[in-house]
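In: A structural model of the following input is requested.
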Amino acid sequence: MKLYVLDNGTEILDKSYLVAGANSATTDCKNPDILWQEIPIHTFLIDHPHGYILFDTACDPDFRKNWPAFIEKQSPYMVSEEQLLLNRLEQLHIRPEEIRTVVMSHLHVDHAGNLSAFSNAQIYVNDEEFTTTLRQYALRQDMDVHVPSDVEHFLAAGLHFRPVLKEEAFLEIAPGVRILNLGPGHSFGMLALEVRLPNSGNFLLAADAIYLRENIEPSISPPGILYDSAGYRKTVRFLTGYAREHNCRILFGHDMEQFDTLTKSTEGYYD
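Out: Numbering: from 1, shown residues only. Presented below is the predicted three-dimensional model:
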């Protein structure tokens, strides 16, 4: 079994979205400069004897055409042709139709952009995340960073969804690969993925359940983008405890400092 880290470009945004109060005003500095921070957009591919497993699907390659205008202003996306998800897979000689399983951490714009390409896969998504996103779309409500074009594309593709229900706390989808159903926090419902490798050790793919190491050390510092603040804190305590108990290395959702240390798919893999 191999774990590949796919580099799918970067975004820049106000750090206060990542760590609430990251640059708060004081009486001495009533109008502090915004701290803009570059963050990685990445996905993970597991080459498993039972078939390829993909964790998240990055951003829509036609983002300039399809995204609401506020997203490009709030968090500009920078990506080269070679960094686009389907091109990263092609570099590994993998076609989208060969992907057996897709696990969606959640359905935000930077995680669900290419989902419609995987029409042969079984797609796991938290049930509340799935139903709430679809309800907002059907009712034409403000979807914020769940974007209508992503929903339109995956509905048109007729994908094979497998909602992970609230009572399914853990789901072993292949030997050594386990979904952790986190519930609400960063979004309506989050999934993480544990990958147990014989040589490289155990990894816990946390996605946006924990953006940065700074969100958990030295204490819990929630991000500025949250659906359920109590759920977020509960999730962080669970994930950090689970990682200690199962000797897992947590891979954060958008931590550039950590990302720079990881072996990318163009360089090799973890096994």
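In: for the biggest helix by length in the chain, packing partners?
Out: Using DSSP state H to define each element, the chain has its longest helix at helix 229-246. When contacts are defined as 3 or more Cβ pairs under 8 Å, 6 or more residues apart in numbering; DSSP states H and E, helix 229-246 packs onto strand 177-183, strand 190-197, strand 201-207, strand 248-252. For glycine as for every other residue, the C-beta is placed from the backbone atoms N, C-alpha and C.
In: Which one of those strands lies nearest to Asn66?
Out: Nearest to Asn66, of all the helices and strands packed on helix 229-246, is strand 201-207, at 21.7 Å by Cβ to Cβ.
In: okay, the closest one in CSV with CA atoms only?
Out: Extracted as CSV, the C-alpha positions of strand 201-207 are listed here (Å, rounded to 0.1, in the frame of the first residue of the first chain):
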residue,chain,number,x,y,z
GLY,A,201,3.6,4.4,10.1
ASN,A,202,0.1,5.6,10.7
PHE,A,203,-1.3,8.8,9.2
LEU,A,204,-4.5,10.7,10.2
LEU,A,205,-5.8,12.8,7.4
ALA,A,206,-7.6,15.5,9.3
ALA,A,207,-8.4,18.0,6.4
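In: Can you show me the helices along the stretch 1-150 of the chain?
Out: Here the stretch 1-150 of the chain has its helices, by DSSP state H, counting those that start in this stretch, at 63-66, 69-74, 85-91, 127-138, 148-156.
In: Report the distance from the first one to the chain centre.
Out: Going back to what we said before, that points to helix 63-66. Centroid separation between helix 63-66 and its chain, computed with Cα atoms, centre = their mean, to the nearest Å, is 20 Å.
In: Please apply the same query to the longest one.
Out: Taking the mean C-alpha point of helix 127-138 and that of its whole chain, the gap between them comes to 17 Å (Cα atoms, centre = their mean).
In: buried residues in it?
Out: Asp127, Glu128, Glu129, Phe130, Thr132, Thr133, Leu134, Gln136, Tyr137 (16 or more other Cβ atoms under 10 Å).
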